[in-house]
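*Asks:* give me coordinates for this.
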Amino acid sequence: MALPVSDLQFTIKVLRLKLPEMKKQLKAISDDLDKISDGSANTRHNAATRWSKKKHRSAMNHLSEKLNKRLKGIEGGTQDALAEVLEQVRMEAVSLTPKDTGDLQNSSYVATELTPKFVWGRVGYNITSGSVPAGVVTGVNYAALVHEINTNHPNGGQWKFLQTAVERNQKSLGSKLKAAIKKSVQDKKSSAATSSGG
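*Replies:* So this is what the prediction gives:
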């Protein structure tokens, strides 16, 4: 699904965690640890040495499984987290948006897209092409004009409402995204534990 295009928008991209590459790295680390273990083991392969190697491989397989689950959670969590962070920006922008009929505020949206290299996110007003999320008003062709004209708005709001919301959140976007990814991964982990019965 491609991101919608609009008259007024802010787009951000986050480097996507490449799960297959991370799995290769985990395998390489496991292989290296096996080599270290084999090299440091006594040359006599008695029962205790074989048991120790088997235990080591079992522990490495368990660790690899746990890391793979966490990496999958992070990959899915990044898109959810980006949507959550951009929703905070959108809500602030809506609070600053000039008010008349409410159509301009209701034309605001957040959308995300997962591509091979990035997770893309967009917050904007008045979608002109692409998928329109449920409840989003279209045909508000004056969004960019209202945004750019510095005038008094008698019913509240200000010009540069989207830009102001982005600028206010700019410094904290990274930390908010990191916290949201962590929360999303924890939520996925909790729901997986609940659905598996423990």
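*Asks:* now the helices for this protein?
*Replies:* Along the chain, counting by DSSP state H, helices occupy 19-40, 47-96, 103-106, 143-148, 161-170, 173-195.
*Asks:* these two touch, right, residue 14 and residue 85?
*Replies:* No - assessed by CB atoms under 8 Å, residue 14 is found out of contact with residue 85, at 9.7 Å. Using the backbone N, CA and C atoms, a C-beta is placed for each residue, glycine as well.
*Asks:* residue 122 bridge partners, please.
*Replies:* Residue 122 forms beta bridges with residue 11, residue 111, as assigned by DSSP bridges.
*Asks:* doesn't residue 2 make contact with it?
*Replies:* No - contact criterion CB under 8 Å: residue 122 and residue 2 do not qualify, at 10.4 Å.
*Asks:* more crowded one of the two?
*Replies:* Higher neighbour count among residue 122 and residue 2: residue 122, with 22 against 11, using other CB atoms under 10 Å.
*Asks:* what residues are up against the more buried one?
*Replies:* Listed by CB atoms under 8 Å, 6 or more residues apart in numbering, the contact partners of residue 122 are 3-4, 6, 9-12, 86, 109-112.
*Asks:* quick one, grab the pLDDT at it.
*Replies:* On pLDDT, residue 122 comes in at 95.
*Asks:* the one 3 residues further on too?
*Replies:* Reading off the confidence values, residue 125 has pLDDT 96.
*Asks:* isn't it right up against residue 140?
*Replies:* Yes - assessed by CB under 8 Å, residue 125 is found in contact with residue 140 at 6.8 Å.
*Asks:* can you give me the neighbour number for residue 92?
*Replies:* Neighbourhood size, residue 92 [other CB under 10 Å]: 18.
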